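> Pasting the sequence and the predicted model now:
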Amino acid sequence: MTTRLTTAFTPTQLDIIDESHLHIGHAGAQSGKGHYALTITSEAFAGKSRLQCHRMIYQALGELMQDNIHALSIKINT
């Protein structure tokens with residue numbers, strides 16, 4: 001995730017926290033996919049709506065959203 005997001009957005013801040021351990025017993029945890037909290041600061045998001053920013057992030061993560069990530073909370077700064 002770090003490489004993809006850094007390449008796509010050249011962030012000045014990028015924090016990815018694996019919160020999977022907080023969801024033990026949850027249906028998503030049983031699938032082996034992770035729960036993550038993302039904080040990202042980038043000028044790439046300036047002037048964009050929250051929905052547009054989320055779509056940009058999902059596009060940058062590509063198949064990771066399907067294969068490796070069950071839940072992703074996102075905090076965006078510009």
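In hand now; what should we look at? Residues are numbered from 1 along each chain as shown.

> now Gln52: how far from Ser20?
Distance of Gln52 to Ser20, given as C-beta to C-beta, to the nearest Å: 28 Å. Where C-beta positions appear, they are placed from N, C-alpha and C, glycine not excepted.

> higher neighbour count, the two?
Ser20 (17 against 11; other C-beta atoms under 10 Å).

> By mean pLDDT, point me to the weakest helix or strand of the chain.
helix 27-30 (a mean of 54; mean pLDDT, DSSP states H and E).

> any idea of the mean pLDDT in the following helix or strand past that helix?
Using DSSP states H and E, the next helix or strand after helix 27-30 towards the C-terminus is strand 34-41. Mean pLDDT, strand 34-41: 96.

> Strand 34-41: which residues count as buried?
Neighbour counts over strand 34-41 (16 or more other C-beta atoms under 10 Å) mark 34-36, 38, 40-41 as buried.

> would JSON lines of those with distance to Thr2 be doable?
Formatted as JSON lines, these follow (distance: C-beta to C-beta, whole Å):
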{"residue": "Gly34", "distance to Thr2": "13"}
{"residue": "His35", "distance to Thr2": "17"}
{"residue": "Tyr36", "distance to Thr2": "11"}
{"residue": "Leu38", "distance to Thr2": "10"}
{"residue": "Ile40", "distance to Thr2": "11"}
{"residue": "Thr41", "distance to Thr2": "14"}
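
> of all the residues you listed, which comes closest to Asp67?
The nearest member of the buried residues of strand 34-41 to Asp67, counting by C-beta to C-beta, is Gly34 at 10.6 Å.

> Surely that closest one touches Met65?
No - the pair Gly34 and Met65 does not pass the contact test of C-beta atoms under 8 Å, sitting 11.2 Å apart.

> can you list the residues that contact the helix or strand Leu51 falls within?
According to DSSP H and E, Leu51 maps onto helix 50-61. Residues outside helix 50-61 that contact it (C-beta atoms under 8 Å, 6 or more residues apart in numbering): 1, 4-5, 7-9, 38, 40, 44-45, 48, 65, 69, 72, 74, 76.
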